[in-house]
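In: Curious how this folds, go ahead:
(chains A and B)
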Amino acid sequence: MPITLKDIAKMVGVAESTVSRAINGKPGVGKETKQKILEIAKKYDFQPNKLAQGLAKQETHILALLIPGLSKGNYSSLVENIEYIAEKDGYQIILCNTQNDLKKEKKYLNLLQEKRVDGAVILGGEIADQHIVNTVLRGHKNIVLVNRLCEEILIPTILIDASYGAYLATEYLINLGFENIGLITAAKNDEYIESEKIKGYKKALKDNMIEYNNELIIKTDGSREAGYLAFTQLVNIDINPDSFFVTSDLLTLGLIESIKMGGFFIPQDYPVVTYGDTLINSIIEPELTRVVEPLEKAGKLAAEVLINLINDDQAKEEIKVLKPTLKIGKSTKY
Amino acid sequence: MASVTFENVTKRFGEVVAANDQNIEIKDKEFLVLVGPSGCGKSTDLRMIAGLEEISEGVIKIGDKVVNDIPPKDRDIAMVFQNYALYPHMNVYDNMAFGLKLRKFPKEEIERRVQEAAEILSIEPLLERKPKQLSGGQRQRVALGRAIVREPKVFLMDEPLSNLDAKLRVQMRTELSKLHDRLKTTVIYVTHDQTEAMTMGDRIVVLKDGYVQQVDEPLELYNHPNNMFVAGFIGSPAMNFLDAKIVKEGDDYYTEGFGAFKVKIPDQLKDKVKDYVNKRVVFGIRPENLTDAEITHDLDITDENSFEAEVEVVEPMGSEIYLYLAVDEHSMIARVDAESEAKVGDKIKLGVYTQKMHVFDNETEEALF
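Out: Just a heads-up that it's a prediction; the model follows:
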C-alpha cells in the first residue's frame, strides 16, 4: 500500500493540509515540521495521487490524440513520440480514430469541452474545420494541430514542410546531373500535401533553370499498381525520364517492380528517390534514397506545446515549421 | 451579396442569456457594427450568423434563406479575427490560396481570386514575399485577403484590429472602410470600441446583456440615444448625467438640479416632459455642449441656460480643454475651446446648448428626448 498524506500527517502529528503544504512547497509550515514531513515522504517514497490532484484542479491528466487513421501516413511514429513525452510529464493519452469523418472528430473534441481530457492534438486532415475553430473560440484553447492548416484563427501548429522535402529530393537528382525527372504523386484528387510536393519539385527545377514538363508529372491514386503503371506510361512519352522522384511508399514499390520487370537497373538506368522513412520504403531493394520527415521531433514538440498550453507556460500563438532531410541510400548513385 | 436578418433570435448558454429576442435587419452591402461592452453578446451574434453557435429560438436568414440548420461551410460567409495564422514557410500568395486549394478549387480560379484580392488590397507586389518580410498592416491585409478570396456573401469580422498598435489601428480603420466600398459586400463587424463603431459603421447596433439597445446610423445614435446606456456608451468623454427634476413655471418647463442648476427646456420639447412635472429625471448633456460663458461666441448666456460650477481639474488637449467640474454634489466634464482661461478652483459660469440637452426617465432610463 503506498503511503498517503493522511499517513504522514498521523506520523508527524499534524493536519493533512500541513503535510500537503509542506510537500507542495507552500508557505505556512514551520521549518522543522517541514523537514520531518519531507524526510518521511522520501523514506516511504510518497507519490501524490494524480486522481485526487486532478479532481482538485479539475484536471484529468489525459490527452486526446485525434488521428485520421493509423494505417495512413506516418501517424504511428508521431503517436509514439507524443505518448513518450506525455507519459514523462504524467499524462496518459487516448487515441481517437476519426477516419477523417467530421462528425466523429466533433464528437471526440467534445471530450475537451466536457473536460474529460485536458487537451488534444489533432493530426493531419488538411484544414481545421469550423468545429475546431469554435472549440477554441469557446475558450477551450488546449489544442495543437499537426500538419493541419487553419484559415480563420491562430491555433498552435506543428507543420512538416513537405514542399521543402520534395525540393531536396529534386535538387539532389539535379545535382547528380539529371534533368528529366519523372514525378510520380498520389495527387489524383489534388490532395494538398501532394500538391505541396509538386510545388517543391517545380521550385527546384526553376531555381536550377530547368524548364518543367507537365508530361513528366503523373498524378495517381497512390496505389502500388498505379506506381507500376506510371513507369510504363512515362517511358512511352517523347521525353524519356532519366530519373524518378516518387512521393509515397506504395507508389515507389510499384515503380521499382515495374523498372525491374522491364529489365532495367536501379540506379544505373533509373535512379529513384522516394518520400518518407516508412517500413515499406525500408525493405525495398536497393536501399532507397529518401526524404525523411522529422516525425520524432514533430511528435515530441506537439506534446510539449500542448502540455505547456495546459500549464499556461508559453505564448499561445506559435506555428512551428519543421524541415525534412534527405537520407542517401543506394538507389541514386553507383 | 446578401442581407442578414435576425427574427426574434434568442441564445441561451444554460442560465445565461447571450441574445434576447433580437430583431436586427442588416441590409445588403451594408457595413454594420455590433458594439457593446464585453459580455454583451456581440460575438455570440456573429457566431450564430456563422453557424458556429446554434440558435435557441428564432430565425436567422441570409438573403431570403433561413440558415438555422445550414452548416457553417454552406453559409457563404468568411470570418476575420484578430488572431490569424500566417504560415511562415508560405509566401503571401500561398497564405491566401491554401484554403481554396484544400477545397479543391481549380487552379485558374484560385489564381484569379488571389490576384483580384491582391489588387483590392494593394498587395500585388508582395505576393512572393514571406510573412516575416511584411509589416503589421501588410500582414493584416493578407489575413483579409484570405477571407476575400472566398468571395463570401457576408464578411464577419470579430475585433480584427484589436491586436494592432494605436496608429496602425486608425490607419486600418480607414482601409477597411475603403475596402468595403470596393468589395460592395455586406460586412458585419464586432467591436467593443465605440470610436471604431462610429467611424466605420453605416449603421450601429448597440448591445447590452444580450438586448438590442438601439440600431441606428452613427450620428443618430450620438444625437438621439434611446436610453442612458447608449447615451453613455457612445461618445468620449461620455455624456454627463445629472440627477434632476422637472419643474414648471408659468408656461415654461425646467430641469432643476436640486438648487445646483436650472436649465430651461426648449419650447419644442415641452410636450415630452409635461407628464413629469415634479418627478425625478436624469439631465444629460455632452461635454461639448457645455461652454465656458466667458469665451462663448455663439450662445446668448442667460439665467435659463447657464449655471455656476467649480473647476476641479483642467486638462489641456491642445485644440481644446477638458474641464472637470463640480456643481454641489454633481460632477461633470466640459469640453471647451482652448481660449478658456479657467483655472483649478475658479468658479465659472457654464453655458448649456439647450437644443442638445437630453432628459431620461429616472426609472426606466429611457430617453424622453
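In: which other helices and strands contact the helix or strand of chain B with the lowest mean pLDDT?
Out: Among the helical and strand segments of chain B, the one scoring lowest on mean pLDDT, DSSP states H and E is helix B:166-183, with a mean of 89. Applying 3 or more CB pairs under 8 Å, 6 or more residues apart in numbering or on different chains; DSSP states H and E, one finds that helix B:166-183 makes contact with helix B:107-120, helix B:136-148, helix B:194-200. All C-beta atoms are positioned from the backbone trio N, CA, C, and that covers glycine.
In: Reformat those as TSV; add mean neighbour count.
Out: Compiled in TSV, these are given as follows (neighbours: other CB atoms under 10 Å in any protein chain shown):
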stretch	mean neighbour count
helix B:107-120	16
helix B:136-148	22
helix B:194-200	20
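In: could those be laid out in TSV, adding distance to residue A:168 and mean pLDDT?
Out: TSV is the format used below for these (distance: least, CB to CB, whole Å; pLDDT from 0 to 100):
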stretch	distance to residue A:168	mean pLDDT
helix B:107-120	24	94
helix B:136-148	27	91
helix B:194-200	47	94
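In: Which of those sits closest to chain A?
Out: helix B:136-148 (5.8 Å; CB to the nearest CB).
In: CA atoms only for the next helix or strand after the closest one, dumped as CSV, please.
Out: Per DSSP states H and E, the first helix or strand lying C-terminal to helix B:136-148 is strand B:154-158. C-alpha atoms of strand B:154-158 as CSV (Å, rounded to 0.1, in the frame of the first residue of the first chain):
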residue,chain,number,x,y,z
VAL,B,154,-21.1,38.3,-46.0
PHE,B,155,-17.9,39.1,-44.1
LEU,B,156,-17.9,38.6,-40.4
MET,B,157,-15.2,40.5,-38.5
ASP,B,158,-14.6,40.0,-34.8
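In: Helix B:166-183 and strand B:154-158, what's the angle between them?
Out: Here strand B:154-158 runs at an angle of 170 degrees relative to helix B:166-183 (axes from the mean of the first three to the mean of the last three CA atoms, to 10 degrees).
In: check whether strand B:154-158 contacts chain A.
Out: No. Residues of strand B:154-158 are not located near chain A by CB under 8 Å from any CB of the partner chain, the shortest gap being 8.5 Å.
In: And the residue of the stretch 251-369 of chain B closest to chain A?
Out: For the stretch 251-369 of chain B, CB to the nearest CB, closest residue to chain A: residue B:365, 31.8 Å.
In: what pLDDT does that residue get?
Out: We have a pLDDT of 96 for residue B:365.
In: I'd like the helices and strands packed on helix B:166-183 written out as JSON lines, with distance to residue A:129 added.
Out: Below are the helices and strands packed on helix B:166-183 laid out as JSON lines (distance: least, CB to CB, whole Å):
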{"stretch": "helix B:107-120", "distance to residue A:129": "20"}
{"stretch": "helix B:136-148", "distance to residue A:129": "16"}
{"stretch": "helix B:194-200", "distance to residue A:129": "30"}
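In: Including distance to chain A, could those go into a markdown table?
Out: Converted to a markdown table, those look like this (distance: least, CB to the nearest CB, whole Å):
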| stretch | distance to chain A |
| --- | --- |
| helix B:107-120 | 9 |
| helix B:136-148 | 6 |
| helix B:194-200 | 20 |
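In: For burial, what's the neighbour tally of residue A:103?
Out: Neighbour count of residue A:103, defined by other CB atoms under 10 Å in any protein chain shown: 9.
In: same check, this time on residue B:134
Out: 18.
In: Return the residues in contact with residue A:85.
Out: A:299-300, A:303-304, A:307 (CB atoms under 8 Å, 6 or more residues apart in numbering or on different chains).
In: Give me the average confidence score over the helix or strand encompassing it.
Out: Secondary-structure assignment from DSSP H and E places residue A:85 in helix A:75-88. For helix A:75-88, the mean per-residue pLDDT is 91.
In: And stretch A:210-218, by the same measure?
Out: 92.
In: Report the separation between the two terminal residues of that stretch.
Out: 18 Å (CA to CA, to the nearest Å).
In: cool, and stretch B:144-154?
Out: Stretch B:144-154 has an end-to-end distance of 13 Å (CA to CA).
In: repeat for stretch B:186-200
Out: 13 Å.
In: how about the residue in the stretch 201-334 of chain A that chain B sits nearest to, secondary structure?
Out: Of all residues in the stretch 201-334 of chain A, residue A:321 sits closest to chain B, at 4.5 Å by CB to the nearest CB. Three-state call for residue A:321 (DSSP: H, G, I helix; E, B strand; the rest coil): strand.
In: Could you measure from it over to residue A:159?
Out: 5 Å (CB to CB, to the nearest Å).
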